[in-house]
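*Asks:* below are the sequence and a predicted model; questions follow.
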Amino acid sequence: MAIPQKTIRGVQDIRTHTRAAASAFQAHEAYMRLSCLEMEKARRGKERESAMRRVDLIDARFKEIEGEKAELLQTLGQREGLNGRRTLAPCRQVEGVKIRY
């Protein structure tokens with residue numbers, strides 16, 4: 001006579017009542033979802049403010065760069081007018097980085 005095999009059951013085989021409760025409307029779940037959405041909205045608002053502040057700082061730096069660039073070009077133009085030709089610093093030849101293994 002053969003020994004009957006026992007079926008091994010896992011977590012998936014545990015019977016619960018979650019399906020019955022999931023189909024019914026739960027007011028507390030709706031309120032929880034609303035509160036989660038409001039928290040996410042507040043968090044995204046803070047992220048947006050931070051990003052806008054960073055963009056403003058970048059724009060301000062662009063303006064500073066353009067001002068400094070114009071000042072340097074003006075200075076070069078004045079030096080050029082004195083001699084009648086450009087007076088720039090001589091270029092040095094720069095070698096690449098040598099790595100020894």
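*Replies:* That came in fine, so what should we check first?
*Asks:* so the residue nearest to the spatial centre of the chain is in which element?
*Replies:* What sits nearest the mean C-alpha location of the chain, by Cα atoms, centre = their mean, is Ala51, with 9.1 Å. Assigned by DSSP states H and E, Ala51 falls within helix 27-83.
*Asks:* and Glu68, how far from Arg61?
*Replies:* 10 Å (Cβ to Cβ, to the nearest Å). Yep, even glycine has a C-beta here, placed from its N, CA and C like the rest.
*Asks:* and if you look at Glu29?
*Replies:* The gap separating Glu29 from Arg61 is 48 Å, by Cβ to Cβ.
*Asks:* Arg79: neighbouring residues, count only.
*Replies:* 13 (other Cβ atoms under 10 Å).
*Asks:* any weak-confidence spans in this structure?
*Replies:* Along the chain, segments meeting pLDDT under 70 span 1, 18-23, 81-94.
*Asks:* please repeat the previous calculation with a cut-off of 80.
*Replies:* Where the chain drops to pLDDT under 80, the residues are 1-4, 12-13, 15-25, 79-101.
*Asks:* number of nearby residues for Leu76?
*Replies:* Residues near Leu76, counting by other Cβ under 10 Å, number 13.
*Asks:* also Ile58?
*Replies:* Using other Cβ under 10 Å, Ile58 is surrounded by 9 other residues.
*Asks:* what's the answer for Ser50, then?
*Replies:* Ser50: 10 neighbours (other Cβ under 10 Å).
*Asks:* then the one 10 residues further on?
*Replies:* One way to gauge burial is a neighbour count; for Ala60, by other Cβ under 10 Å, it gives 10.
*Asks:* I'd like the distance between it and Arg53.
*Replies:* According to Cβ to Cβ, Ala60 stands 11 Å off from Arg53.
*Asks:* please report how far the residue nearest to the centre of the chain lies from Leu57.
*Replies:* 11 Å.
*Asks:* cool, thanks, signing off.
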